[in-house]
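Participant: Sequence and computational prediction follow.
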Amino acid sequence: QVQLVESGGGLVQAGGSLRLSCAASGRTFTTNHMTWFRQAPGKEREFVAAIWSGGSTYYADSVKGRFTISRDNAKNTLYLQMNSLKLEDTAVYYCATTRKFGVVAAQGMEYWGKGTLVTVSS
């Protein structure tokens with residue numbers, strides 16, 4: 001079992017920054033691939049960014065150049081640094097994990113956190 005707890009969400013003005021964290025416990029964090037998803041009101045959950053166990057990263061086009069995913073294996077924590085936030089970034093952000101390399105589809109994730117709300121205002 002893996003437990004994931006997100007934090008760091010809140011209200012921010014457009015153009016601002018936030019850093020989300022996801023604390024993981026349970027099975028070994030270092031060998032799992034970690035992913036951020038988000039779900040805006042009335043929309044489907046969508047992929048945001050992934051970081052594989054080896055440290056390489058992959059981003060959705062909508063956040064590339066603005067968001068940075070990282071992990072601290074010593075702290076069993078995943079991060080998402082979000083800069084230049086836009087109104088359309090408003091969503092509940094979820095971290096998720098899988099042991100399967102290269103998977104970025106929501107249905108491929110094995111464990112999920114409960115999410116943290118990010119609201120971007122004008």
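Facilitator: Looks like it came in fine.
Participant: Could you find the closest non-adjacent residue to Gln3?
Facilitator: Excluding the flanking residues, the one nearest Gln3 by C-beta to C-beta, 6 or more residues apart in numbering is Ser25, at 4.7 Å. The way it works is simple: take the backbone N, C-alpha and C, and place the C-beta from them, glycine included.
Participant: gap between that neighbour and Gly54?
Facilitator: 22 Å (C-beta to C-beta, to the nearest Å).
Participant: When those two are compared, which one has more neighbours?
Facilitator: Neighbours were tallied for Ser25 and for Gly54 using other C-beta atoms under 10 Å; the higher tally belongs to Ser25 (11 against 7).
Participant: Could you pull up the contacting residues of the residue nearest to Gln3?
Facilitator: With C-beta atoms under 8 Å, 6 or more residues apart in numbering as the criterion, the residues that contact Ser25 are Val2, Gln3, Asn76.
Participant: Need the pLDDT of the residue nearest the centre of the chain.
Facilitator: Central residue of the chain (C-alpha atoms, centre = their mean): Trp36, 2.3 Å from the mean position. Predicted confidence (pLDDT) for Trp36: 98.
Participant: cool, and Thr28?
Facilitator: The confidence metric pLDDT takes the value 69 at Thr28.
Participant: phi, psi of Cys22?
Facilitator: phi -140, psi 110 (degrees, to the nearest 10).
Participant: Not counting sequence-adjacent ones, nearest residue to it?
Facilitator: Leaving aside its sequence neighbours, Cys22 sits nearest to Cys95 (C-beta to C-beta, 6+ apart; 3.5 Å).
Participant: The one you found: what secondary structure?
Facilitator: strand (DSSP: H, G, I helix; E, B strand; the rest coil).
Participant: Please look at it and Arg38 and confirm they touch.
Facilitator: No. Using C-beta atoms under 8 Å, Cys95 is not in contact with Arg38; the gap is 10.4 Å.
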